[in-house]
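What follows is a predicted protein model with its sequence.
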Amino acid sequence: MASTPLSVTHRPYAVEPITEMMMPDGIFDAAIFNQKITAQIKNTSNQALSDVDIYIEGISDPSIVLKPFTHKFPTIPANATVTVAWEANFQNAGPGKPVVSIVAKESGKDVSRSLKRIFVSKTTFDAASKKFTCAIPEGRFEVTKLTAFGPNGDAWEPPPECDPEDDGKRRIKLGPYLPVSFDAVFIPNPAYEGTHGKLPFNDPWWKILAVVLAVIAAIAAVIAAVTEGGVVAVGISGGFDETGTVDPSFECCKPDPKAVSKTVGLDKGKATVAGVASVLATVAVAVALSDDEDPWWRGQRETPPPKGALTKAEHVTTKIKYIDPPNAGVPYRLGVDWTYTRKTTAGDQSYSVSEEQKNIHVASEVLVKAASPHNAFEKPLEISLAVTREAGTFYSGPDLYAFALLISPDRDFAAVVPLVDDGIAPDKTANDGTYTGSIHLETVFPEMRKRQLAFEGIWKVYAVAQDVNLAEENDLPEIQAKTIGGFVIASPITLSFDTSLPCPVTAQASVQVFI
């Protein structure tokens with residue numbers, strides 16, 4: 001019997017389920033307990049498949065606790081790539097590259113089995129030294145003096161600071177935070193001889209670990225604020241040391257949508273908006289440190305150690321200057337000064353750089369559509385997203401992880417709608433560059449009526465898209481490292497240095513809903 005022609009094409013990636021954001025380069029970190037294992041599975045045949053089941057058979061690290069679930073597809077079009085996800089708890093996971101076995105079966109055919117590694121790091125925070133430590137198989141990555149420009153006053157609706165007479169808990173601002181400077185040291189295990197050491201997971205640059213730490217610090221604040229201790233979802237409480245305001249002053253005024261109910265599920269507008277802003281701001285670290293060779297690799301090349309000397313540690317100090325606001329899909333510029341120091345058994349060697357970098361994860365046009373007016377009880381509401389590259393071609397199929405945030409007229413109710421380009425209804429054609437999703441508003445009407453929330457009126461649509469790491473697994477590590485995923489390509493949020501500009505969250509489409 002022939003096997004089912006379905007295979008996982010690239011490394012599965014991590015999505016944080018409260019904010020719905022992909023983690024930098026899809027890396028899972030045990031500091032965030034609950035994450036979605038998200039995989040893209042391609043129909044490798046030229047024929048549509050029918051009655052398909054897809055599930056995770058097992059994970060080689062038993063400390064990763066999977067919530068079993070079988071995805072069922074009545075049909076998967078020829079050459080289409082479907083995106084599936086499973087919830088899992090990583091609280092007790094160790095650093096490494098565990099193997100995930102994903103099984104797919106079409107009715108009447110044998111199963112196909114894809115064995116794919118995921119990347120898992122483990123970040124901890126020492127409050128006394130204010131040091132983040134990120135453990136990976138190749139050693140450990142330590143970050144101190146992590147500073148950032150934070151939100152001004154109550155501009156981003158931060159939870160209020162606690163009253164000394166209250167429970168004594170400090171309320172965390174939600175950001176966004178623009179990282180400004182940090183000291184990072186990579187300590188290889190074991191120490192190595194020669195110019196270059198192993199890359200983390202034999203894949204990304206060392207700088208990606210710095211981005212992981214920055215995003216964890218930002219998103220941990222969002223999760224803590226939204227769950228208010230009701231759900232144990234993060235394992236660190238460290239954040240940024242705020243440095244004041246940027247010159248010109250950085251302002252992120254009160255966003256639209258406003259704060260919604262702080263429960264998870266559909267009522268997650270504020271968490272998602274804050275998560276998008278946090279990732280948008282913190283991935284600027286990756287831009288500043290170059291998409292090509294990063295300071296560690298460049299520093300290694302410029303400081304070849306004496307023959308026989310062992311490299312014990314590699315230290316990079318970084319300071320970022322924001323020439324332009326770090327917005328999604330635009331070629332913003334950043335100034336950066338960094339110094340690399342190689343610490344060896346034969347002494348230290350240093351190399352310094354002062355340069356300007358530009359974001360290359362860009363889009364020339366973002367188009368969001370939703371039919372209006374819409375009868376909520378007649379049929380599902382369809383939302384579509386198309387993102388054009390600088391060269392004029394469309395991002396398509398597996399290129400993007402995308403979703404839309406749909407906000408009710410009084411902005412007190414939010415729903416997340418996944419957007420995919422897989423040719424499965426409501427999406428019309430696979431790989432044509434139109435990412436589509438739908439929601440039947442009739443299903444949320446009873447809950448909204450119960451809460452006495454506005455249902456009829458103008459609903460707003462906010463679309464988000466991040467690029468996916470599609471590097472070929474057989475490439476050399478230093479080639480794979482040049483492909484990075486998780487950059488925000490499309491976003492409704494505009495970070496601004498001009499305090500006179502309107503609020504930074506702008507709807508990309510509006511829908512007049514009636515019953």
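The structure has been received and is ready for your questions.

Buried residues in stretch 318-337, which are they?
Counting neighbours by 16 or more other C-beta atoms under 10 Å, one finds that the buried residues in stretch 318-337 are 318, 320, 322, 325-330, 332-334, 336. The way it works is simple: take the backbone N, C-alpha and C, and place the C-beta from them, glycine included.

Let me see the domain layout of this protein.
For the chain, whose domains are defined here by automatic domain parsing, the residue ranges read 6-121, 123-358, 365-514.

With mean pLDDT added, can I get the ones you listed in TSV?
Shown next, in TSV, are the domains of the chain (pLDDT from 0 to 100):
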stretch	mean pLDDT
domain 6-121	96
domain 123-358	79
domain 365-514	89
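
What helices and strands are in contact with the longest helix seen in the chain?
Scanning the chain for the helix with the most residues, using DSSP state H, yields helix 207-227. Packing partners of helix 207-227 (3 or more C-beta pairs under 8 Å, 6 or more residues apart in numbering; DSSP states H and E): strand 120-126, strand 131-136, strand 139-149, strand 178-188, helix 269-282, helix 284-288.

just checking, what packs against the last one?
Applying 3+ C-beta pairs under 8 Å, 6+ apart, one finds that helix 284-288 makes contact with strand 178-188, helix 207-227, strand 310-322, strand 333-344, strand 347-358.

try 6 Å
In terms of contacts (3 or more C-beta pairs under 6 Å, 6 or more residues apart in numbering; DSSP states H and E), helix 284-288 is packed against helix 207-227, strand 333-344.

Please apply the same query to the fifth one.
Counting contacts by 3+ C-beta pairs under 6 Å, 6+ apart, the secondary-structure elements packed against helix 269-282 are helix 207-227.

now with 8 Å?
Secondary elements touching helix 269-282 (3+ C-beta pairs under 8 Å, 6+ apart): strand 178-188, helix 207-227, strand 400-407, strand 414-419, strand 457-467, strand 488-490.

try the third one
Using 3+ C-beta pairs under 8 Å, 6+ apart as the contact criterion, the elements in contact with strand 139-149 are strand 131-136, strand 178-188, helix 207-227, strand 241-242.

Now that strand: buried residues?
Under the neighbour-count criterion of 16+ other C-beta under 10 Å, strand 139-149 has Gly139, Arg140, Phe141, Glu142, Val143, Leu146, Thr147, Ala148, Phe149 buried.

Tell me which stretches of the stretch 401-515 of the chain form helices.
Under the criterion DSSP state H, counting those that start in this stretch, helices of the stretch 401-515 of the chain are mapped to 445-450, 477-480.

before we move on, the earlier item: include mean neighbour count and distance to Lys116 when you put the helices and strands packed on helix 269-282 into a markdown table, please.
Listed next are these as a markdown table, based on neighbours: other C-beta atoms under 10 Å; distance: least, C-beta to C-beta, whole Å:
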| stretch | mean neighbour count | distance to Lys116 |
| --- | --- | --- |
| strand 178-188 | 21 | 26 |
| helix 207-227 | 26 | 19 |
| strand 400-407 | 25 | 16 |
| strand 414-419 | 20 | 21 |
| strand 457-467 | 24 | 19 |
| strand 488-490 | 23 | 24 |
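
out of the ones you listed, which comes closest to Asn92?
Comparing these against Asn92 with C-beta to C-beta, the closest turns out to be helix 207-227 (17.0 Å).

Phi, psi for the residue nearest to Gln47 when sequence neighbours are not counted please.
Beyond its immediate neighbours in the sequence, the residue positioned closest to Gln47 (C-beta to C-beta, 6 or more residues apart in numbering) is Ala78, lying 5.4 Å away. In this entry, Ala78 is assigned phi and psi values of phi -60, psi 130 (degrees, to the nearest 10).

re the thing from before, can I get the helices and strands packed on strand 139-149 in JSON lines including distance to Ser384?
What follows is these, written out as JSON lines (distance: least, C-beta to C-beta, whole Å):
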{"stretch": "strand 131-136", "distance to Ser384": "38"}
{"stretch": "strand 178-188", "distance to Ser384": "32"}
{"stretch": "helix 207-227", "distance to Ser384": "28"}
{"stretch": "strand 241-242", "distance to Ser384": "39"}
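
among the ones you listed, which is nearest Thr434?
For Thr434, the closest of the helices and strands packed on strand 139-149 is helix 207-227, at 28.9 Å, according to C-beta to C-beta.

can you state the direction angle for that closest one and strand 120-126?
Note on geometry: by axes from the mean of the first three to the mean of the last three C-alpha atoms, to 10 degrees, helix 207-227 and strand 120-126 are set 70 degrees apart in direction.

Tell me the gap between helix 207-227 and the middle of its chain.
A distance of 10 Å separates the C-alpha centroid of helix 207-227 from that of its chain, computed with C-alpha atoms, centre = their mean, to the nearest Å.

try stretch 384-392
Going by C-alpha atoms, centre = their mean, the spacing between the C-alpha centre of stretch 384-392 and its chain's C-alpha centre is 20 Å.

Would you indicate which residues of that stretch are buried?
Quick answer for stretch 384-392 (16+ other C-beta under 10 Å): Ser384, Leu385, Ala386, Val387, Thr388, Arg389.

Helix, strand, or coil at the closest residue to His196 other than its chain neighbours?
Here the nearest residue to His196 in space, its sequence neighbours aside, is Gln300; by C-beta to C-beta, 6+ apart that works out to 5.1 Å. The local conformation at Gln300, judged by DSSP: H, G, I helix; E, B strand; the rest coil, is helix.

these two touch, right, Gln300 and Gly194?
No - taking C-beta atoms under 8 Å as the contact criterion, Gln300 and Gly194 are not neighbours in contact, 9.1 Å apart.

the more surrounded of these two?
Using other C-beta atoms under 10 Å as the criterion, Gln300 and Gly194 rank with Gln300 on top: 22 against 12.

pretty sure Val84 is in a strand, no?
Yes - under three-state DSSP, Val84 sits within a strand.

wait, which of the buried residues of stretch 318-337 is closest to Ser510?
For the buried residues of stretch 318-337, the residue nearest Ser510 by C-beta to C-beta is Ala328; the value is 20.3 Å.
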